[in-house]
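Colleague: Sequence and predicted structure are below.
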Amino acid sequence: MNPSPGGPLTGKVAVVAGATRGAGRGIARGLGEKGATVYCTGRSVRGKPATKGRPETIEETAELVTDCGGVGIHARVDHTDEVQVTDLFSRVKEEQGQLDILVNDVWGGDELTEWGKRFWEVSIDKGLTMLERAIHSHIITSRHGAPLMVERNEGLIVEITDGASDLYRGNLFYDLVKTTVMRLAYDMALELRRTNITALAVTPGFLRSEMMLAHFGVTEKNWEDAVATDRHFAESETPLFVGRCVAALAADPDVGRFAGASLASWNLAKEYGIDDADGRRPDFGTYMRGLLSEALVRVARAAGRGSKTAGTGHGDAVAKVRKAAHKEFGKIGLDFFLDTPSRVLYEHIAALGSDPDPARVADIVEQEFTFDATRAVPPLD
(Lines give C-alpha, C1' and ligand atoms only; values in the text may rest on other atoms or scores of the structure.)
Protein backbone atom coordinates (compact mmCIF):
# COMPACT_ATOMS: atom_id res chain seq x y z
CA MET A 1 0.00 0.00 0.00
CA ASN A 2 1.34 3.43 -0.96
CA PRO A 3 -1.08 6.08 0.31
CA SER A 4 -0.84 9.64 -0.84
CA PRO A 5 1.21 12.03 1.30
CA GLY A 6 -0.52 14.17 3.87
CA GLY A 7 -2.02 11.40 6.01
CA PRO A 8 -3.47 12.23 9.43
CA LEU A 9 -0.19 11.32 11.16
CA THR A 10 2.10 13.25 8.83
CA GLY A 11 4.44 15.28 11.01
CA LYS A 12 3.91 12.95 13.99
CA VAL A 13 6.86 11.05 15.44
CA ALA A 14 6.51 7.55 16.86
CA VAL A 15 8.75 5.05 18.60
CA VAL A 16 7.67 1.43 18.32
CA ALA A 17 9.71 -0.53 20.83
CA GLY A 18 9.91 -4.14 19.70
CA ALA A 19 9.23 -3.58 16.01
CA THR A 20 11.24 -6.46 14.57
CA ARG A 21 8.27 -8.71 13.86
CA GLY A 22 4.74 -9.57 14.90
CA ALA A 23 2.44 -6.90 16.32
CA GLY A 24 5.30 -4.40 16.61
CA ARG A 25 6.07 -4.59 12.91
CA GLY A 26 2.37 -4.41 12.07
CA ILE A 27 1.93 -1.32 14.25
CA ALA A 28 4.94 0.38 12.69
CA ARG A 29 3.43 -0.27 9.25
CA GLY A 30 0.00 0.93 10.35
CA LEU A 31 1.48 4.20 11.59
CA GLY A 32 3.45 4.49 8.36
CA GLU A 33 0.27 4.14 6.30
CA LYS A 34 -1.00 7.28 8.00
CA GLY A 35 2.21 9.20 7.26
CA ALA A 36 4.05 9.01 10.59
CA THR A 37 7.79 9.04 11.11
CA VAL A 38 8.47 5.79 12.95
CA TYR A 39 11.58 4.77 14.88
CA CYS A 40 11.57 0.98 14.68
CA THR A 41 13.57 -0.46 17.57
CA GLY A 42 14.67 -3.95 18.47
CA ARG A 43 17.75 -6.10 18.86
CA SER A 44 17.82 -7.95 15.53
CA VAL A 45 19.76 -6.21 12.76
CA ARG A 46 21.10 -7.54 9.49
CA GLY A 47 23.91 -9.96 10.16
CA LYS A 48 23.15 -10.08 13.90
CA PRO A 49 19.81 -11.76 14.63
CA ALA A 50 18.83 -11.71 18.31
CA THR A 51 16.21 -14.46 18.08
CA LYS A 52 17.44 -17.87 17.00
CA GLY A 53 15.86 -19.10 13.80
CA ARG A 54 14.12 -15.83 12.93
CA PRO A 55 15.30 -13.76 9.93
CA GLU A 56 13.34 -10.53 10.53
CA THR A 57 15.28 -7.32 11.24
CA ILE A 58 14.46 -3.77 12.26
CA GLU A 59 15.93 -2.52 8.97
CA GLU A 60 13.26 -4.49 7.10
CA THR A 61 10.55 -3.03 9.30
CA ALA A 62 11.78 0.53 8.70
CA GLU A 63 11.78 -0.11 4.94
CA LEU A 64 8.20 -1.40 5.12
CA VAL A 65 7.17 1.77 6.96
CA THR A 66 8.66 3.90 4.21
CA ASP A 67 7.05 1.75 1.52
CA CYS A 68 3.67 2.35 3.22
CA GLY A 69 4.03 6.10 2.93
CA GLY A 70 5.71 6.99 6.23
CA VAL A 71 9.31 7.57 7.21
CA GLY A 72 10.92 4.48 8.69
CA ILE A 73 14.04 4.78 10.84
CA HIS A 74 15.68 1.77 12.47
CA ALA A 75 17.47 1.91 15.81
CA ARG A 76 19.11 -1.05 17.50
CA VAL A 77 18.10 -0.89 21.17
CA ASP A 78 18.00 -3.37 24.03
CA HIS A 79 15.15 -1.89 26.07
CA THR A 80 16.28 -3.63 29.25
CA ASP A 81 19.42 -1.45 29.12
CA GLU A 82 18.55 1.98 30.52
CA VAL A 83 21.56 3.65 28.93
CA GLN A 84 20.56 2.47 25.47
CA VAL A 85 17.00 3.67 26.06
CA THR A 86 18.05 7.12 27.21
CA ASP A 87 20.35 7.36 24.20
CA LEU A 88 17.42 6.47 21.93
CA PHE A 89 15.22 9.27 23.21
CA SER A 90 18.09 11.75 23.17
CA ARG A 91 18.48 10.88 19.49
CA VAL A 92 14.75 11.29 18.83
CA LYS A 93 14.74 14.68 20.53
CA GLU A 94 17.81 15.83 18.65
CA GLU A 95 16.59 14.62 15.24
CA GLN A 96 12.86 15.34 15.52
CA GLY A 97 12.37 17.68 18.46
CA GLN A 98 9.27 15.78 19.58
CA LEU A 99 7.70 12.43 20.40
CA ASP A 100 3.99 11.95 19.77
CA ILE A 101 3.43 8.18 19.96
CA LEU A 102 5.18 5.53 22.04
CA VAL A 103 4.29 1.87 21.60
CA ASN A 104 5.65 -0.69 24.06
CA ASP A 105 5.67 -4.08 22.35
CA VAL A 106 8.94 -5.57 23.61
CA TRP A 107 8.32 -9.24 24.40
CA GLY A 108 11.08 -11.84 23.92
CA GLY A 109 9.28 -14.47 25.96
CA ASP A 110 8.31 -17.14 23.46
CA GLU A 111 11.25 -19.40 24.24
CA LEU A 112 10.82 -18.74 27.97
CA THR A 113 7.16 -19.68 28.38
CA GLU A 114 6.73 -23.17 29.82
CA TRP A 115 3.23 -24.11 28.76
CA GLY A 116 1.67 -26.95 30.72
CA LYS A 117 3.69 -26.33 33.88
CA ARG A 118 2.28 -24.96 37.13
CA PHE A 119 4.13 -22.34 39.16
CA TRP A 120 5.82 -24.92 41.37
CA GLU A 121 7.29 -26.61 38.30
CA VAL A 122 8.56 -23.70 36.21
CA SER A 123 12.10 -22.41 35.85
CA ILE A 124 12.62 -19.33 38.02
CA ASP A 125 15.48 -18.16 35.77
CA LYS A 126 13.26 -18.27 32.67
CA GLY A 127 10.37 -16.61 34.46
CA LEU A 128 12.39 -13.73 35.88
CA THR A 129 14.07 -13.19 32.52
CA MET A 130 10.62 -12.90 30.97
CA LEU A 131 9.64 -10.26 33.52
CA GLU A 132 12.80 -8.33 32.76
CA ARG A 133 12.30 -8.43 29.01
CA ALA A 134 8.56 -7.83 28.87
CA ILE A 135 7.78 -5.69 31.95
CA HIS A 136 10.97 -3.96 33.09
CA SER A 137 11.70 -2.91 29.50
CA HIS A 138 8.28 -1.28 29.21
CA ILE A 139 8.74 0.67 32.44
CA ILE A 140 12.22 1.84 31.43
CA THR A 141 11.01 2.89 27.98
CA SER A 142 7.99 4.81 29.24
CA ARG A 143 10.04 6.45 31.98
CA HIS A 144 12.45 7.95 29.45
CA GLY A 145 10.04 8.50 26.57
CA ALA A 146 7.25 10.26 28.46
CA PRO A 147 9.28 13.41 29.32
CA LEU A 148 9.40 14.30 25.60
CA MET A 149 5.60 14.24 25.62
CA VAL A 150 5.27 16.08 28.91
CA GLU A 151 7.39 18.91 27.49
CA ARG A 152 4.73 19.53 24.82
CA ASN A 153 1.75 18.31 26.88
CA GLU A 154 0.52 15.88 24.25
CA GLY A 155 1.05 12.30 23.19
CA LEU A 156 -0.12 8.69 23.23
CA ILE A 157 1.47 5.72 25.05
CA VAL A 158 0.28 2.27 24.00
CA GLU A 159 0.98 -0.96 25.88
CA ILE A 160 0.57 -4.09 23.75
CA THR A 161 -0.78 -7.10 25.60
CA ASP A 162 -2.45 -10.43 24.88
CA GLY A 163 -6.08 -10.45 25.94
CA ALA A 164 -7.97 -7.48 27.36
CA SER A 165 -9.34 -9.19 30.44
CA ASP A 166 -8.25 -10.76 33.73
CA LEU A 167 -8.87 -14.31 32.51
CA TYR A 168 -6.02 -16.71 33.26
CA ARG A 169 -3.73 -17.16 30.26
CA GLY A 170 -2.38 -20.65 30.89
CA ASN A 171 0.99 -19.97 32.56
CA LEU A 172 1.86 -17.93 35.65
CA PHE A 173 4.69 -15.83 34.23
CA TYR A 174 2.98 -15.32 30.87
CA ASP A 175 -0.21 -14.25 32.61
CA LEU A 176 1.72 -11.96 34.95
CA VAL A 177 3.38 -10.18 32.02
CA LYS A 178 0.23 -9.65 29.99
CA THR A 179 -1.91 -8.44 32.89
CA THR A 180 0.88 -6.27 34.29
CA VAL A 181 1.27 -4.23 31.11
CA MET A 182 -2.48 -3.62 31.19
CA ARG A 183 -2.07 -2.33 34.73
CA LEU A 184 0.89 -0.20 33.64
CA ALA A 185 -1.36 1.52 31.10
CA TYR A 186 -3.97 2.17 33.77
CA ASP A 187 -1.48 3.47 36.32
CA MET A 188 0.26 5.72 33.79
CA ALA A 189 -3.11 7.07 32.69
CA LEU A 190 -3.95 7.94 36.29
CA GLU A 191 -0.71 9.84 36.71
CA LEU A 192 -1.23 11.60 33.37
CA ARG A 193 -4.76 12.80 34.11
CA ARG A 194 -3.71 16.43 34.44
CA THR A 195 -2.04 16.36 31.02
CA ASN A 196 -3.15 15.87 27.42
CA ILE A 197 -1.21 12.60 27.24
CA THR A 198 -3.12 9.33 27.03
CA ALA A 199 -1.93 5.89 28.08
CA LEU A 200 -3.88 2.74 27.20
CA ALA A 201 -3.41 -0.93 26.33
CA VAL A 202 -4.32 -2.77 23.13
CA THR A 203 -4.56 -6.47 22.37
CA PRO A 204 -4.71 -8.17 18.99
CA GLY A 205 -6.84 -11.24 18.52
CA PHE A 206 -5.32 -14.49 17.21
CA LEU A 207 -2.24 -12.92 15.65
CA ARG A 208 -1.15 -14.37 12.32
CA SER A 209 2.47 -13.41 12.93
CA GLU A 210 5.57 -14.60 11.11
CA MET A 211 6.29 -17.06 13.91
CA MET A 212 2.74 -18.41 13.92
CA LEU A 213 2.79 -18.92 10.16
CA ALA A 214 6.08 -20.79 10.51
CA HIS A 215 4.62 -22.88 13.33
CA PHE A 216 1.85 -24.10 11.05
CA GLY A 217 4.15 -24.44 8.03
CA VAL A 218 2.19 -21.97 5.89
CA THR A 219 2.66 -18.49 4.46
CA GLU A 220 0.38 -15.48 4.32
CA LYS A 221 -0.73 -16.61 0.85
CA ASN A 222 -1.98 -20.02 1.97
CA TRP A 223 -2.59 -19.41 5.70
CA GLU A 224 -6.10 -20.86 5.52
CA ASP A 225 -4.57 -24.31 5.01
CA ALA A 226 -3.65 -24.22 8.72
CA VAL A 227 -7.31 -24.10 9.77
CA ALA A 228 -7.39 -27.87 9.32
CA THR A 229 -4.81 -28.09 12.10
CA ASP A 230 -6.27 -25.39 14.38
CA ARG A 231 -9.87 -24.37 13.81
CA HIS A 232 -9.39 -21.11 15.74
CA PHE A 233 -6.90 -19.92 13.10
CA ALA A 234 -9.87 -19.19 10.84
CA GLU A 235 -10.52 -16.03 12.86
CA SER A 236 -6.87 -14.95 12.92
CA GLU A 237 -5.66 -11.49 11.91
CA THR A 238 -2.49 -10.12 10.38
CA PRO A 239 -0.23 -7.87 12.47
CA LEU A 240 -1.27 -4.97 10.25
CA PHE A 241 -4.83 -5.21 11.60
CA VAL A 242 -3.86 -4.20 15.13
CA GLY A 243 -1.40 -1.75 13.55
CA ARG A 244 -4.22 0.06 11.80
CA CYS A 245 -6.17 0.09 15.06
CA VAL A 246 -3.30 1.76 16.90
CA ALA A 247 -2.89 4.27 14.06
CA ALA A 248 -6.59 5.12 14.28
CA LEU A 249 -6.22 5.75 18.01
CA ALA A 250 -3.20 7.96 17.37
CA ALA A 251 -5.16 10.01 14.84
CA ASP A 252 -8.24 10.36 17.06
CA PRO A 253 -8.41 13.82 18.70
CA ASP A 254 -10.71 12.34 21.37
CA VAL A 255 -8.48 9.36 22.22
CA GLY A 256 -8.39 10.53 25.84
CA ARG A 257 -11.79 8.91 26.40
CA PHE A 258 -9.94 5.58 26.39
CA ALA A 259 -7.31 6.59 28.96
CA GLY A 260 -6.29 3.59 31.06
CA ALA A 261 -8.50 1.16 29.16
CA SER A 262 -7.50 -2.19 27.72
CA LEU A 263 -8.89 -2.28 24.19
CA ALA A 264 -9.26 -5.13 21.70
CA SER A 265 -8.53 -4.96 17.99
CA TRP A 266 -11.94 -6.40 17.11
CA ASN A 267 -13.76 -3.61 18.97
CA LEU A 268 -11.47 -0.89 17.65
CA ALA A 269 -12.08 -2.16 14.12
CA LYS A 270 -15.80 -1.60 14.62
CA GLU A 271 -15.20 1.79 16.24
CA TYR A 272 -13.04 3.10 13.39
CA GLY A 273 -14.23 1.02 10.40
CA ILE A 274 -10.95 -0.85 9.96
CA ASP A 275 -10.36 -3.88 7.74
CA ASP A 276 -7.41 -6.24 7.66
CA ALA A 277 -4.90 -6.41 4.81
CA ASP A 278 -7.03 -9.03 3.03
CA GLY A 279 -10.26 -7.04 3.36
CA ARG A 280 -11.64 -9.16 6.22
CA ARG A 281 -12.65 -7.79 9.62
CA PRO A 282 -11.78 -10.51 12.15
CA ASP A 283 -13.71 -10.47 15.43
CA PHE A 284 -11.98 -12.85 17.79
CA GLY A 285 -14.04 -11.73 20.79
CA THR A 286 -17.36 -12.61 19.19
CA TYR A 287 -15.87 -15.82 17.83
CA MET A 288 -14.70 -16.92 21.29
CA ARG A 289 -17.97 -16.09 22.98
CA GLY A 290 -19.81 -18.11 20.36
CA LEU A 291 -17.40 -21.01 20.69
CA LEU A 292 -17.75 -21.11 24.48
CA SER A 293 -21.53 -20.79 24.31
CA GLU A 294 -21.76 -23.76 21.95
CA ALA A 295 -19.44 -25.78 24.20
CA LEU A 296 -21.46 -24.99 27.33
CA VAL A 297 -24.72 -25.95 25.64
CA ARG A 298 -23.19 -29.36 24.95
CA VAL A 299 -21.93 -29.52 28.55
CA ALA A 300 -25.40 -28.78 29.94
CA ARG A 301 -27.02 -31.39 27.74
CA ALA A 302 -24.49 -34.06 28.66
CA ALA A 303 -24.55 -33.30 32.38
CA GLY A 304 -28.34 -32.91 32.42
CA ARG A 305 -28.86 -36.32 30.87
CA GLY A 306 -26.48 -37.88 33.37
CA SER A 307 -28.18 -36.22 36.33
CA LYS A 308 -31.64 -37.39 35.29
CA THR A 309 -30.44 -40.94 34.84
CA ALA A 310 -28.74 -41.10 38.20
CA GLY A 311 -31.33 -39.07 40.11
CA THR A 312 -28.58 -36.97 41.61
CA GLY A 313 -28.85 -33.93 43.87
CA HIS A 314 -27.63 -30.39 43.24
CA GLY A 315 -24.08 -31.01 44.45
CA ASP A 316 -23.68 -34.04 42.22
CA ALA A 317 -25.16 -32.15 39.29
CA VAL A 318 -22.59 -29.39 39.68
CA ALA A 319 -19.81 -32.00 39.83
CA LYS A 320 -21.10 -33.58 36.63
CA VAL A 321 -21.14 -30.19 34.91
CA ARG A 322 -17.57 -29.52 35.99
CA LYS A 323 -16.40 -32.90 34.67
CA ALA A 324 -18.29 -32.49 31.39
CA ALA A 325 -16.93 -28.95 30.97
CA HIS A 326 -13.30 -30.02 31.27
CA LYS A 327 -13.91 -32.80 28.75
CA GLU A 328 -15.71 -30.53 26.26
CA PHE A 329 -13.29 -27.61 26.61
CA GLY A 330 -10.38 -30.00 26.21
CA LYS A 331 -11.74 -31.06 22.83
CA ILE A 332 -11.50 -27.48 21.57
CA GLY A 333 -8.16 -26.76 23.23
CA LEU A 334 -9.54 -24.25 25.74
CA ASP A 335 -9.51 -26.24 28.98
CA PHE A 336 -7.25 -23.66 30.66
CA PHE A 337 -10.17 -21.22 30.52
CA LEU A 338 -11.79 -23.27 33.26
CA ASP A 339 -9.07 -22.27 35.73
CA THR A 340 -10.66 -18.83 36.01
CA PRO A 341 -14.47 -19.15 36.44
CA SER A 342 -16.01 -19.60 39.86
CA ARG A 343 -18.30 -22.40 41.04
CA VAL A 344 -21.15 -20.08 40.06
CA LEU A 345 -20.55 -20.93 36.39
CA TYR A 346 -21.11 -24.63 37.01
CA GLU A 347 -24.16 -23.92 39.17
CA HIS A 348 -25.70 -21.81 36.42
CA ILE A 349 -25.10 -24.51 33.82
CA ALA A 350 -26.39 -27.26 36.11
CA ALA A 351 -29.61 -25.30 36.65
CA LEU A 352 -30.27 -25.21 32.89
CA GLY A 353 -30.93 -28.93 32.69
CA SER A 354 -30.57 -31.09 29.60
CA ASP A 355 -32.41 -28.69 27.27
CA PRO A 356 -30.61 -25.35 27.82
CA ASP A 357 -31.73 -22.08 26.28
CA PRO A 358 -28.80 -20.93 24.05
CA ALA A 359 -29.59 -17.27 24.81
CA ARG A 360 -29.30 -17.93 28.55
CA VAL A 361 -26.01 -19.73 27.99
CA ALA A 362 -24.73 -16.76 26.00
CA ASP A 363 -25.61 -14.50 28.95
CA ILE A 364 -23.67 -16.75 31.30
CA VAL A 365 -20.64 -16.65 29.01
CA GLU A 366 -20.85 -12.86 28.94
CA GLN A 367 -20.82 -12.78 32.75
CA GLU A 368 -18.07 -15.34 33.33
CA PHE A 369 -15.73 -14.80 30.35
CA THR A 370 -14.96 -11.14 29.65
CA PHE A 371 -12.71 -10.83 26.60
CA ASP A 372 -12.68 -7.09 26.17
CA ALA A 373 -12.62 -5.17 29.45
CA THR A 374 -12.53 -1.45 28.75
CA ARG A 375 -12.30 0.14 32.18
CA ALA A 376 -10.99 3.64 31.67
CA VAL A 377 -9.59 6.14 34.14
CA PRO A 378 -12.42 8.39 35.34
CA PRO A 379 -12.01 12.00 34.20
CA LEU A 380 -11.11 14.72 36.66
CA ASP A 381 -13.95 16.89 37.91
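Modeller: Sure thing, it's come through.
Colleague: which residue ranges form the helices in the stretch 201-350 of the chain?
Modeller: Assigned by DSSP state H, counting those that start in this stretch, the stretch 201-350 of the chain shows helices spanning 210-216, 239-251, 265-272, 284-310, 314-331, 343-352.
Colleague: who wins for proximity to V16 among those?
Modeller: Each of the helices of the stretch 201-350 of the chain was scored for nearness to V16 using C-beta to C-beta, and the closest is helix 239-251 (9.0 Å). Glycine gets a C-beta too; all of them are placed from N, C-alpha and C.
Colleague: Surely T66 touches G35?
Modeller: No: at 11.2 Å, T66 does not count as touching G35 under the criterion of C-beta atoms under 8 Å.
Colleague: Quickly compare the helices of the stretch 201-350 of the chain and say which is most buried.
Modeller: helix 239-251 (a mean of 26; mean count of other C-beta atoms under 10 Å).
Colleague: ok, so what distance separates the closest residue to L296 other than its chain neighbours from G290?
Modeller: Nearest non-adjacent residue to L296, counting by C-beta to C-beta, 6 or more residues apart in numbering: V361, 5.1 Å away. Going from V361 to G290 by C-beta to C-beta, to the nearest Å gives 11 Å.
Colleague: does the closest residue to R289 other than its chain neighbours count as helix, strand or coil?
Modeller: In space, and not counting its chain neighbours, R289 is closest to V365: 5.4 Å by C-beta to C-beta, 6+ apart. Assigned with DSSP: H, G, I helix; E, B strand; the rest coil, V365 falls in the helix class.
Colleague: Over to Y168?
Modeller: Classified using three-state DSSP, Y168 is coil.
Colleague: quick one on the thing from earlier: quick check: which of the helices of the stretch 201-350 of the chain is nearest to A50?
Modeller: Among these, helix 210-216 sits nearest to A50 (C-beta to C-beta), with 13.7 Å.
Colleague: Quick one: distance of the closest one to the chain centre.
Modeller: 17 Å (C-alpha atoms, centre = their mean, to the nearest Å).
Colleague: got the buried residues for stretch 138-151?
Modeller: Using 16 or more other C-beta atoms under 10 Å as the test for burial, stretch 138-151 gives 138, 140-142, 144-146, 148-149.
Colleague: Closest one to S262 out of those residues, please.
Modeller: Checking the buried residues of stretch 138-151 one by one against S262 (C-beta to C-beta), the nearest turns out to be H138, at 14.2 Å.
Colleague: Which residues are in contact with the closest residue to that closest one other than its chain neighbours?
Modeller: In space, and not counting its chain neighbours, H138 is closest to N104: 4.3 Å by C-beta to C-beta, 6+ apart. Counting by C-beta atoms under 8 Å, 6 or more residues apart in numbering, N104 touches 17-18, 137-138, 141-142, 157-160, 181.
Colleague: change it to 10 Å
Modeller: The neighbours of N104, taking C-beta atoms under 10 Å, 6 or more residues apart in numbering as the test, are 15-18, 24, 79, 134-135, 137-142, 145, 157-161, 181, 184-185, 199, 201.
Colleague: ditto for S209
Modeller: 21-26, 56, 215, 236-239.
Colleague: again, but for G30
Modeller: G30 sits next to 9, 16, 23, 36, 38, 65, 68, 70, 103, 239-248, 250, 274 when contact means C-beta under 10 Å, 6+ apart.
Colleague: related to what we said a few turns ago, ok, now how distant is the residue nearest to H138 from V158?
Modeller: Distance from N104 to V158, counting by C-beta to C-beta: 7 Å.
Colleague: next one: P204
Modeller: 12 Å.
Colleague: of the two, who's got more company?
Modeller: Each of P204 and V158 has its neighbours counted (other C-beta atoms under 10 Å); P204 has more, 29 against 25.
Colleague: Need the nearest residue in space to that one, chain neighbours excluded.
Modeller: Distances taken as C-beta to C-beta, 6+ apart place V242 nearest to P204, at 3.9 Å, with adjacent residues excluded.
Colleague: need the contact list for the one you found.
Modeller: V242 neighbours (C-beta under 10 Å, 6+ apart): 22-24, 26-27, 30, 105, 160, 202-205, 207, 264-266, 268-269, 274, 276.
Colleague: Check these for burial and list the buried ones.
Modeller: 22-24, 26-27, 30, 105, 160, 202-205, 207, 264-266, 268-269, 274, 276.
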